[in-house]
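Engineer: Any chance you can model this:
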Amino acid sequence: MTSTLKIYDNKGNVRVREVSNAMAKFSGTTKTLFKFLSPPEVKGTTILIYDYENKDDDMWIYMPSLRKTRRIVATEKGKSFMGSEFSNAI
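Structural biologist: Predicted structure coming up:
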């Protein structure tokens, strides 16, 4: 699926993000992949989430500008996601 995320600030300015996502279930674990397609400053940023039935989720983010993948730890899951009012908490 491809979707558009529009982020509005308190002055009415809007930032637009194009995102693709895919989801599949494997043996009780739902795996979700989000990949930013545009604008260029976030293009290629990818988030992988393993949603387990009986334990806390695992999350990783790939940042192409750094060419690194890092795990999102539990203490960071409540923080702002990509400059929006959303968080990584599920």
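
Engineer: Longest strand of the protein, counting residues only.
Structural biologist: For the chain, the longest strand by residue count, based on DSSP state E, is strand 14-26.

Engineer: Which elements pack onto it?
Structural biologist: strand 2-8, strand 29-38 (3 or more C-beta pairs under 8 Å, 6 or more residues apart in numbering; DSSP states H and E). No exception for glycine: its C-beta is placed from N, CA and C like everyone else's.

Engineer: since we're on residue 59, how many residues are nearby?
Structural biologist: Residue 59: 21 surrounding residues under other C-beta atoms under 10 Å.

Engineer: what packs against the host helix or strand of it?
Structural biologist: Residue 59 is located in strand 58-63, with elements delineated by DSSP states H and E. When contacts are defined as 3+ C-beta pairs under 8 Å, 6+ apart, strand 58-63 packs onto strand 46-52, strand 68-71.
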